[in-house]
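A.B. asks: I would like to see how this sequence folds:
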Amino acid sequence: MRSKVLITSLPENVVLEIFAYLSIPERCQIARVCRLWNQLIRDKYLWQRVDLTARPIAPKTLWKVIRGYLSDSLLSLSLKGFLYSVKETKCLTHALLKELISRCPKLVSIQIISENLSAIDSSKFPPNLKRLFIQNCEVTQHWLKKADKSNLFETLQELSFANSKRFSSDDVQYICKLQNLKLLNLSNCYRICDDNVNQLTNALTNLETLVLSGCTITDLALHFVSHRLKFIQTLDVSDCTSLTNQGLAILGVPYCPKYLTVTGCQFLVTDLAILVKRNSEIVRVEFGVKDELKTLNRNNFQEILDSYQNQLTAQVDAV
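C.D. replies: From the prediction side, this is the model:
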């Protein structure tokens, strides 16, 4: 028979690895089990990347987490607020941001989901951030202006305002100054139009990932992307219903993304297959057929073209 191994008999480094699989609330709970576990739970190794997005977090709880567990080891922090909730609570305040800056000087990534940031000054965020994801949040017009004045976000490499429907096209002028950006996500920011894509692609020529799904763009936006973003790897234009096959023809002249997502667009499957055949740089194209996600790649595009040719031949023979 196998002998049972108690967790208390395991080396501390092994126990730490087990604790790393626990959520933040679970870690806080088991810290009450005994003095040893309380000590282990506070190990800096467990608090390098903190994800608090499982449920909205109140300021009081966040204060406890920051003061009880966070330190100079923290690299990444994710929060979820109470936007669209019955409670009119805000999880983020200027005081909390100040405490984060003081306690966590190595913090380089912040993700905020479903929070009203209208009263939050963008210049109060931690300096030296490389990743800032503002998702499904509410912001005011010119929200980035104060951060721009202090050059606070000049180190950013990844920026997202996905599903932040009040994000204004006026803030595009500030994004254009973030020369280190490699990823930009403006998904469902419906105020973003061709003129804004013109500004962005003209200024941010090092972009590798651009998400414009749900934006109010036309084939002209694809023209700007294809002619200016020579390092583009991923392009998402899902649900941009004004795009046409003429826009597809523009891609690859001269630059083309490796990964293209066009779900919700009105492209024919055969036209997408022709695009893959014409551009050897393309690795995968994701599209939708009757609400079902499909994928085109270098292995199956010829099969689709052959099927289409056979259909045409059958129609001619029938006539």
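
A.B. asks: List the contacts of Tyr45.
C.D. replies: Residues near Tyr45 by CB atoms under 8 Å, 6 or more residues apart in numbering: Leu16, Ala20, Ser73. Bear in mind the C-beta positions are built from the backbone N, C-alpha and C, glycine included.

A.B. asks: For the last one, which residues are in contact?
C.D. replies: If you count contacts by CB under 8 Å, 6+ apart, Ser73 has them with Lys44, Tyr45, Trp47, Gln48, Lys106.

A.B. asks: Next, it: secondary structure please.
C.D. replies: Judged by DSSP: H, G, I helix; E, B strand; the rest coil, the three-state class of Ser73 is coil.

A.B. asks: what about the nearest residue to it once chain neighbours are set aside, neighbour count?
C.D. replies: In this structure, Ser73 finds its nearest non-sequential neighbour in Lys44, 3.6 Å apart by CB to CB, 6 or more residues apart in numbering. Each residue near Lys44 was counted by other CB atoms under 10 Å, and the total is 12.

A.B. asks: Ok, Ile66 next?
C.D. replies: 19.

A.B. asks: now swap in Pro127 and tell me
C.D. replies: 15.

A.B. asks: Look up how far Ser123 lies from Phe167.
C.D. replies: As for Phe167, its distance to Ser123 is 18 Å (criterion: CB to CB, to the nearest Å).

A.B. asks: pLDDT averaged over stretch 25-43 - what is it?
C.D. replies: Summarised as a single mean, pLDDT over stretch 25-43 is 85.

A.B. asks: Quote the end-to-end distance of that stretch.
C.D. replies: 16 Å (CA to CA, to the nearest Å).

A.B. asks: Other residues contacting it?
C.D. replies: Thr8, Glu12, Val15, Leu16, Phe19, Leu22, Leu46, Ala54, Val65, Gly68, Tyr69.

A.B. asks: For the second one, report the pLDDT, please.
C.D. replies: Looking back up the chat, that one is Glu12. 78.

A.B. asks: same question, the last one
C.D. replies: As predicted, Tyr69 sits at a pLDDT of 90.

A.B. asks: what residues are up against the nearest residue to it once chain neighbours are set aside?
C.D. replies: Distance criterion CB to CB, 6+ apart; nearest residue to Tyr69, sequence neighbours excluded, is Trp47 at 5.3 Å. Residues near Trp47 by CB under 8 Å, 6+ apart: Tyr69, Leu70, Ser71, Ser73, Leu74.

A.B. asks: Any quick ChimeraX command for the buried ones out of the residues you listed?
C.D. replies: In ChimeraX, this line selects whichever of the contacts of Trp47 come out buried by 16 or more other CB atoms under 10 Å:
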select :69,70,73,74
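
A.B. asks: between the contacts of Trp47, which is nearest Thr93?
C.D. replies: Leu70 (15.7 Å; CB to CB).

A.B. asks: Give me the phi and psi for that closest one.
C.D. replies: Main-chain torsions, Leu70, degrees, to the nearest 10: phi -80, psi 150.

A.B. asks: try Ile110
C.D. replies: Note on Ile110: its backbone torsions stand at phi -130, psi 130 [degrees, to the nearest 10].

A.B. asks: Show me what it is bridged to.
C.D. replies: Here Ile110 sits in beta bridges with Leu77, Leu132, going by DSSP bridges.

A.B. asks: And for it, the neighbour number?
C.D. replies: Neighbour tally, Ile110, other CB under 10 Å: 20.

A.B. asks: And the pLDDT for it?
C.D. replies: So, for Ile110, pLDDT stands at 97.

A.B. asks: CA-only coordinates of the helix or strand Thr61 falls within in CSV, if you can.
C.D. replies: In this structure, Thr61 is located in helix 59-69 according to DSSP states H and E. Provided in CSV are the C-alpha atoms of helix 59-69 (Å, rounded to 0.1, in the frame of the first residue of the first chain):
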residue,chain,number,x,y,z
PRO,A,59,-12.0,49.4,-1.6
LYS,A,60,-11.9,48.1,2.0
THR,A,61,-10.9,44.6,0.8
LEU,A,62,-8.4,45.9,-1.7
TRP,A,63,-6.8,48.0,1.1
LYS,A,64,-6.4,44.8,3.2
VAL,A,65,-4.7,42.9,0.3
ILE,A,66,-2.3,45.8,-0.5
ARG,A,67,-1.2,46.4,3.1
GLY,A,68,-1.2,42.7,4.1
TYR,A,69,0.4,41.0,1.1
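
A.B. asks: Lovely, talk soon.
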